[in-house]
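Visitor: Can you look at this prediction? I've put the sequence above it.
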Amino acid sequence: MRAFLKMKRLLISLFALVLAATVPVFVRSLNPSLSDDVLGLIVFKVDIQDPKGKLVSWNEDDDSPCSWAGVKCNPKSNRVSELNLDGFSLSGRIGRGLLQLQSLRKLSLAQNNLTGTISPNVARVDNLRVLDLSENGLSGAIPEDFFRQCGSLRVISLAKNKFSGKIPDSLSSCSTLASINCRLIGFRARYHSGFGL
């Protein structure tokens, strides 16, 4: 039974990757904003385990994700503006699906069991203002270029993870950052002018 579930999850992952690679061009021509958000969230969900069924409302057959658990949309554009999955008991890795959410302003995945390394792509979502990945099991070094393209970020919390290494020097390029919480296990904190870490 476990082997079947693993195989099923692997097939769904492969399907989502193929779908993400081939469908966007076709989907954009039909309905660019709604379909990109649905596709991005479904691809994100493929890499996540949801033992409490909090994401059961996330259905790839929906035209819009605006009624899905943890999703908030801008009422004018009907695009995903916030993804708040705090305390959903999710595990797995943060995948590339979130890059499809071009109107995302707040991403909060705090208080879960997410693991793996952090991709520099997370901070590159154009309109992202708030990024909270605190209280997970993320590990490894934060990539040096993580903060390089953080033009719109105002608040970042990476606290209570398992990061190692040092805070990247690229943090100093985040001139719009108003608040950062990097109280991290195994981190050698360095202070940059203007930031209290």
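Guide: Now that the structure is in, tell me what you want to look at.
Visitor: Stretch 152-159: which residues count as buried?
Guide: If you call a residue buried by 16 or more other Cβ atoms under 10 Å, then stretch 152-159 has these buried ones: 153-159. (Each C-beta comes from the backbone N, C-alpha and C, glycine too.)
Visitor: Could you do stretch 118-131 as well?
Guide: For stretch 118-131, a neighbour-count test (16+ other Cβ under 10 Å) marks 118-125, 128-131 as buried.
Visitor: my guess is residue 168 contacts residue 150, does it?
Guide: No: using Cβ atoms under 8 Å, residue 168 makes no contact with residue 150, being 10.9 Å away.
Visitor: what about the two, which has more around it?
Guide: residue 150 (21 against 18; other Cβ atoms under 10 Å).
Visitor: Filter the buried residues of stretch 152-159 down to the ones in strands?
Guide: Counting by DSSP state E, the buried residues of stretch 152-159 place 155-157 in strands.
Visitor: And the helices in the chain?
Guide: 2-30, 32-46 (DSSP state H).
Visitor: quick one: contacts for residue 51?
Guide: Applying Cβ atoms under 8 Å, 6 or more residues apart in numbering to residue 51 gives the contacts 89, 91.
Visitor: and residue 175, what is it in contact with?
Guide: Residue 175 touches nothing, counting by Cβ under 8 Å, 6+ apart.
Visitor: let me fix that: residue 37
Guide: When contacts are counted by Cβ under 8 Å, 6+ apart, residue 37 is found next to 64-65, 79-80, 100-101, 103.
Visitor: That'll do, ta.
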